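> Task: produce atomic coordinates for the following.
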Amino acid sequence: MASFLERASSNSKVQLAATAIASGAVVAGSILGFQRLRREERINQLKDSIPSILDEGEALRRINSFGGATKENKEDLRNELLARRAQAGDYDDELILEQLARNRVFLTPEGLDKLRNSFVVIVGCGGVGSHCTAALARSGVSKIRLIDFDQVTLSSLNRHAVATLADVGSPKVLCLQKRLLAIAPWVRFDLRQEKFWDQAADRLLAPWEGGRKPDYVVDAIDNIDTKVALLKYCHDHKLPVISSMGAGCKSDPTRIMVGDIGTSTDDGLSRSTRRRLKLLGITKGIPTVYSTEKTGDGKAELLPLPEDEFQKGKVGDLGVLPDFRVRILPVLGTMPAVFGYTAANHVILSVTGYPHDYLPAKGRDKMYDGLLAAVQGGEERILRHLTGGDASITLGLRVPITPGDMAFLVEEIFKGRSAITGLTTRLTLVRWRKPASSILIRIGEGSNEQKSSNVKLHDLVCMTKEEGIRHDKEVLRGDKKPEDIYDSATVEKVEALLKDTAKYEKYR
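Residues are numbered from 1 along each chain as shown. Modelled structure (predicted):
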């Protein structure tokens, strides 16, 4: 060993190589040390450039107008001052990239640039919406519009992402902005403290300054009417949207998933939303966050409204706003966070173009078209029967039914089964009872005449084709009533389903 070292030390090439390695190490160490010192210097300069919170006067007045910081809350004041500088461009971009370094490696620099330039709207800033917003702000989204009419309450602290006791009573949108600016001061927030409603949709979902349309909309609303209005608007205006379904009464995070609105069959809020959307012609195309967890013995349920509340007047008059819930919904504080982060994750992947999959919608469009054709044919047969077999009477006959209506009836009301036997194949839809009078509606004359059927959704029942043929022969074109050929339990079940259909039909 000693002789080897002696020979190596006498070799000029080895000596040059060793010198080069040692020099390189010294230079690399110097560069890294210089970069570290420069980074620390920039951070110190940034901190030193923030006006002292002891300096009152104009600085304090400006921050009060910016976000409501007060003299008593010095930390909020410092955060607001830093946010002003960052949003004015006076913030080292290298510091931002360092804060987002892990996302940058994961999403690639190009992907992170897309995220940083994106504009996301969050509607609903409670448990789900607050966690979604926090994740997006931390991940690099630089333009966020928050829409919520409500204020932080003491009972919401178990599930809100950033609210503290000091925030109770303050608007949820302002609370989120104030807390998240302390984390990502370069994020620009557009606060809308108001309820989302369809007549204000054009304004609330309007482009950002400069005309940039929302890259994504997050639906974190827990009111069905408002939720449906938002999703319908986004669908019609081709705005990418993801909808969070019910986190209340859920406890198993392993059952939460992302899937098309047409696949979310085991979630109560999803089911109600999906029914309403199908009646508006929307059967698929909206990704949702939902839970497949089922209710069971010992699990939480929606608490009934106490009797003394009923004594105060109409239940609908007890809410903060009309049509909003007044009952207490049991919520495990961890579950809204999982829903919110799942929605944020989907937005991040979609905006950056990162590969992702979710459950596709059921490929049943052809089946719905076939069912609609069957209803059309059934109405023509009934009309010919009622008019003594006149085939010309059915020429140009139209039915006021859509494929979305077919999807609603078969999937939501009859659960993909025959109401008579429960079979799931070769399904069709036929009238339940024989019309007492003509089903024809005529408008106009001659070549301008319009002919249509008066059939309603609550007239139709799901059967197999074989059952439908018998029903058509014996009931619709015969002299029997449903009570004559079906047992009482079947008749009661069908009548109850048709009443349920009629309740939803008003939303068409």
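
> show me where the stretch 101-250 of the chain has strands.
119-123, 143-147, 188-192, 216-219, 241-244 (DSSP state E, counting those that start in this stretch).

> I'd like these as a markdown table, with distance to Val475 appended.
Where you see a C-beta, it was placed from the backbone N, CA and C, and this is true even at glycine. Below are the strands of the stretch 101-250 of the chain laid out as a markdown table (distance: least, CB to CB, whole Å):
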| stretch | distance to Val475 |
| --- | --- |
| strand 119-123 | 48 |
| strand 143-147 | 51 |
| strand 188-192 | 55 |
| strand 216-219 | 44 |
| strand 241-244 | 41 |
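
> between those strands, which gets nearest to Glu75?
The minimum distance between Glu75 and those falls on strand 188-192, with 18.2 Å, by CB to CB.

> Now tabulate the strands of the stretch 101-250 of the chain in TSV and tack on mean pLDDT.
TSV is the format used below for these (pLDDT from 0 to 100):
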stretch	mean pLDDT
strand 119-123	98
strand 143-147	97
strand 188-192	96
strand 216-219	98
strand 241-244	96
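
> who wins for proximity to Leu280 among these?
strand 241-244 (14.2 Å).

> Pairing partners for that closest one, with directions?
strand 216-219 (parallel), strand 287-291 (parallel) (DSSP bridges).

> Can you tell me what sits against it?
With CB atoms under 8 Å, 6 or more residues apart in numbering as the test, strand 241-244 has contacts from 128-129, 132, 216-220, 227, 230-231, 234-235, 258, 261, 273, 286-289, 339-340, 342-343, 346-347.

> re the thing from before, ranking the strands paired with strand 241-244 by mean neighbour count, which comes first?
strand 287-291 (a mean of 28; mean count of other CB atoms under 10 Å).

> tell me how far it is from the chain's mean position?
Relative to the chain's own centre, strand 287-291 is displaced by 7 Å; criterion: CA atoms, centre = their mean, to the nearest Å.

> what about it, average pLDDT?
For strand 287-291, the mean per-residue pLDDT is 90.

> Pull the residues that contact it.
Under CB under 8 Å, 6+ apart, the answer for strand 287-291 is 241-247, 250, 252, 255-261, 264, 266-267, 270, 339, 342-343, 346, 358.

> How about stretch 430-447?
374-375, 378-379, 382-383, 386, 393, 397, 449-455, 459-461, 463, 468, 471-472, 475-477, 481-482, 494, 498.

> So which of these are in helices?
Ala374, Val375, Gly378, Glu379, Ile382, Leu383, Leu386, Gly468, His471, Pro482, Val494, Leu498 (DSSP state H).

> Quick check: of those, which lies closest to Gly333?
Leu498 (41.2 Å).

> Disregarding residues adjacent in the polypeptide, which is nearest to the closest one?
With sequence-adjacent residues excluded and distances taken as CB to CB, 6 or more residues apart in numbering, Leu498 is closest to His458, at 4.7 Å.

> What of Glu466?
Arg426 (7.2 Å).

> Against Leu204, how distant is that neighbour?
Separation of Arg426 from Leu204 (CB to CB, to the nearest Å): 46 Å.

> Show me which of those two is the more surrounded one.
Each of Arg426 and Leu204 has its neighbours counted (other CB atoms under 10 Å); Leu204 has more, 19 against 12.

> Surely that one and Leu146 touch.
No - here Leu204 does not reach Leu146: they are 10.6 Å apart, not a contact under CB atoms under 8 Å.

> Quick check: neighbours shared by those two?
Shared contacts of Leu204 and Leu146, counting by CB under 8 Å, 6+ apart, come down to Arg192.

> which residues does Leu107 contact?
Leu115, Ile348, Thr352, Tyr354.

> Which among the residues you listed count as buried?
By neighbour count, with 16 or more other CB atoms under 10 Å, those hold Leu115, Ile348, Thr352 as buried.

> burial of Gly246, as a residue count?
24.

> mind listing what the closest residue to it other than its chain neighbours touches?
Ranked by CB to CB, 6+ apart and with sequence neighbours excluded, the top spatial neighbour of Gly246 is Leu269, at 3.6 Å. Counting by CB under 8 Å, 6+ apart, Leu269 touches Asp222, Ile224, Lys227, Met245, Gly246.

> Of these - the most surrounded one?
Met245 leads the contacts of Leu269 on contacts (other CB under 10 Å) with 27 neighbours.

> Mark which of the contacts of strand 287-291 are part of helices, please.
Those of the contacts of strand 287-291 lying in helices (DSSP H): Ser270, Phe339, Thr342, Ala343, His346.

> So the fourth one sits against Met245, correct?
No - using CB under 8 Å, Ala343 makes no contact with Met245, being 10.3 Å away.

> From Ala374, how far out is the closest residue in space to Thr490 that isn't next to it in sequence?
Leaving aside its chain neighbours, Thr490 sits nearest to Ile420 (6.2 Å; criterion: CB to CB, 6+ apart). Computed with CB to CB, the distance linking Ile420 and Ala374 is 16 Å.

> Tell me which of the two has more neighbours.
Neighbour comparison, Ile420 and Ala374: the larger count goes to Ile420, with 22 against 17 (by other CB under 10 Å).
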